[in-house]
Structure formats: structure tokens, C-alpha cells
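Participant: predicted model follows, preceded by the sequence.
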Amino acid sequence: MAYLTLKNINKIYPNGYHAVHNFNLDMEKGEFIVFVGPSGCGKSTTLRMIAGLEDISNGEFLINGKRANEQGPRERGVAMVFQSYALYPQMSVYDNIAFGLELQGADDDYIDEKVRNTARILGLTDYLDRLPRALSGGQRQRVAIGRALIRKVGIFLMDEPLSNLDAKQRVTMRSEITQIHRETGATTIYVTHDQTEAMTMADRIVCMKDGYVQQVGTPRELYFDPVNVFVAGFIGEPPMNFVRSTVKSGKVRIGGKDLDLAPKLGKKLGSWEGKEIVFGFRPESVKLGEHKEAYVMDADVELTEMLGDNTNVYIKMQEQNAILKVDPHDTPEVDTRIVFSIPYESVYLFDGATEMVIK
Ligand code: ADP
């Protein structure tokens, strides 16, 4: 039996806004699940319903198979870390972490052992006497996590916990949170709009759009097997390139070339005749030059961004724009014409009407 179950969960706010539609998910104990999607897609609303901070309008939330809709946050055994990690400014790191246990009236020896153990896991042992203002943003966020972690809870919820940190701190904290999760084994749900956080941290990702779950799967599944244009475009950086075109005589016209879809569609080719499809390829899947078993294209280089480990090449194929990710040693000159190949196996086709992937 799953540890947490969300069964057809809906949220309709008092003003009538339907923020979450038929959300279904089974979560195993110890899993690290990330809810990802653009701002406003219903991630926080879902998390707050799991936390017990927001009523569930419709559907059932089960913990260990038992209905928990009517339970408060404490009964559910949840701890939550928010984006704004308001620490008590006049209290030391030690006291900030200890606060929850002190409120519960735990005895001093127990609290001391717990605080020191939590601080060790979080790398805060040397900072226990400091006030929050004498800490970096990343350290403060670790204290906030420590404060939530110290109470023994079954469910650990985090809502955009890294968004107040600078880019470098975010990268460090990403791996630290993964490490903390490994050490504590807490069942965790983490909300973010950042696909990189989702890809690097999640056991499984729930990708959402406009209140609807689009796909649930491992980072690998979402990257290699996206179910639709939205997921394909949301996961991956830079995003997948998409070109819309109508199938004529088994071909689509892209960048001034007629590309034969037979290698991709095989026996299904005929059924797509006259219909619109979306042709997708990832920037990192192309090879410069002409290769076999691939669509060979040419394009004008409009801009290049050398990022160190790779270069993003912004190209125009006649009327269509796209981005290619190439080895920095192969960075082409701006305003030159290049030839590149998209291996057949790296091309994704989607139904132009439904935007669902064509398998
Ligand atoms: P996310 O976390 O994905 O950014 P939210 O769950 O915060 O999205 O919000 C989902 C949608 O619900 C948004 O359109 C938001 O404006 C709306 N919403 C959030 N809270 C309320 C509320 N209390 N009343 C009405 N609408 C709300």
C-alpha cells in the first residue's frame, strides 16, 4: 500500500476559481517527489492541501490508506519549509532549531541531542551560537530546514525553499537537500518552478500545467519520454525546439527542406497525411555536419553564447528559429551558414491538434 495517496483531488477556491483538477498520486515512504510547473499551475495549492492548510474541495487524501482530509497539520505529521524562511532574529541558531521541541515541552537533554544531531546533518555545528543575521542566505535556509526536520514527522513539505538564494547558493543547497533527504529518509514533497531543481533532486516528478497533472515519472522518463509538447518544452534547458508543419506526401516542410517522415512513422505514416504535426528536437541532440540516419539541415547562425562547457547557437532555418547546443570548440562564427544533423531517434513528433506525443 502506498504511504500517501491523493485520489481525484480538486481545489475550488471560495471565489469559484478551480485551481487543481483531479490530482492523482501514490507516494511510497521515503520518496522525494517534486511538483514542477510554471507559476500559477496549482503546485502550492496541492501542497497546502497535503499539509492540511487548505481544505480539499473534492477527492480523498489518504495516509497509510486512512482518510486524512479532516486531520489538521499536526495530526497528519507534516513539517513544512517555505520560501521565506522567517527565523527568529534575536535567537541563536541553536534556539531557532530547538524552538519546536521546546514548545512541545521536551526535556533539555533530549532537545540538546536532537539539535546537535540536526546541526551535524546540516553542517551547522560551528554556527550554533550565531544569530541569523551573521549567516549567509544558504546557511539561514539550512537553519529553517533544521527547524522543520527536528520534529519527527512522516511528511516533509518544501515550497520553493531556494528561491531567495543566489544562483551559486541554489546549486549548493540543491545537493545539500538531496544529501539531507538521503540521511533522514523523510518522505518529501518539494515544489518548484525550476526544471533543473526537479531534474536534479526528484525520485519522481509531477509536472503540472493550469491545474492539471501532465505527467508523473522519473526525471529520465520526463526527459526522454515526454507525453506532450508542454512537458517536452518544460523539461530541458534550453528547451526543445518545435516546428509545426502539415504532412504532405509523407513529408513535412521544415527550414526549407522536405523531411521524409517514413523513418519516424513507419506504417502509421498514411494516417497522418494532410494533418498537422509538431516536429521536436532537443538542442543537445544535434550533431554538426552531415551524418547518416538523420535529418540533415542547414541554417544561418544568428548568435552564439559560449557557456564554457557548451555553446548555445541560435540559428534561423529560413523562417524558423531554433537553438543548438554544441561543443564549445565547435562554436561557429556568427553570420555563417552551418550544416547539422538531427538523428532520427532524437526527433519527437506530436499531434498538432492535441499536442500529444505520437509513438
Ligand atoms: P503555483 O504554486 O503553481 O504557483 P498556486 O497553487 O499558488 O500556483 O495557485 C494556483 C492558482 O490558484 C493561481 O491561479 C492562483 O492565483 C489561484 N489562487 C491561489 N490562492 C487563491 C485563493 N486564496 N483564492 C483564489 N485563487 C487562488
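Facilitator: Ah, there it is. Just so you know, these numbers come straight off a predicted model, no measurement behind them. Residues are numbered from 1 along each chain as shown.
Participant: domain map for this protein?
Facilitator: The record, using automatic domain parsing to delimit domains, assigns the chain the ranges 4-234, 241-351.
Participant: need the ones you listed in TSV (columns: distance to the ligand, mean pLDDT and mean neighbour count).
Facilitator: Backbone N, C-alpha and C define where each C-beta goes, glycine included. Listed next are the domains of the chain as TSV, based on distance: least, CB to the nearest ligand atom, whole Å; pLDDT from 0 to 100; neighbours: other CB atoms under 10 Å:
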stretch	distance to the ligand	mean pLDDT	mean neighbour count
domain 4-234	3	92	18
domain 241-351	23	96	16
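Participant: who touches the most centrally placed residue in the chain in this structure?
Facilitator: By CA atoms, centre = their mean, the chain has its centre lying nearest to residue 198, at 2.9 Å. Residue 198 makes contact with 34, 36, 192, 205, 207, 219, 235 under the criterion CB atoms under 8 Å, 6 or more residues apart in numbering.
Participant: so it sits in a helix?
Facilitator: Yes. Looking at residue 198 with DSSP: H, G, I helix; E, B strand; the rest coil, it is inside a helix.
Participant: okay, and which of the contacts of residue 198 map to strands?
Facilitator: Members of the contacts of residue 198 lying in strands (criterion: DSSP state E): 34, 36, 192, 205, 207.
Participant: just the strands in the stretch 251-359 of the chain please.
Facilitator: In the stretch 251-359 of the chain, the strands defined using DSSP state E, counting those that start in this stretch lie at 251-254, 257-260, 276-281, 287-288, 294-306, 311-317, 320-326, 337-343, 347-351.
Participant: pairing partners for the third one, with directions?
Facilitator: Right, the one you point to is strand 276-281. Applying DSSP bridges to the sheet, strand 276-281 is found paired with strand 241-246 (antiparallel), strand 347-351 (antiparallel).
Participant: likewise for the second one?
Facilitator: Each strand paired with strand 257-260, and its direction, by DSSP bridges: strand 251-254 (antiparallel).
Participant: what lies in contact with the partner strand?
Facilitator: Strand 251-254 is contacted from outside by 243, 245-246, 258-261, 277, 279, 297, 317, 320, using CB under 8 Å, 6+ apart.
Participant: roughly how far apart are residue 37 and residue 54?
Facilitator: Here residue 37 is placed at a distance of 17 Å from residue 54 (CB to CB, to the nearest Å).
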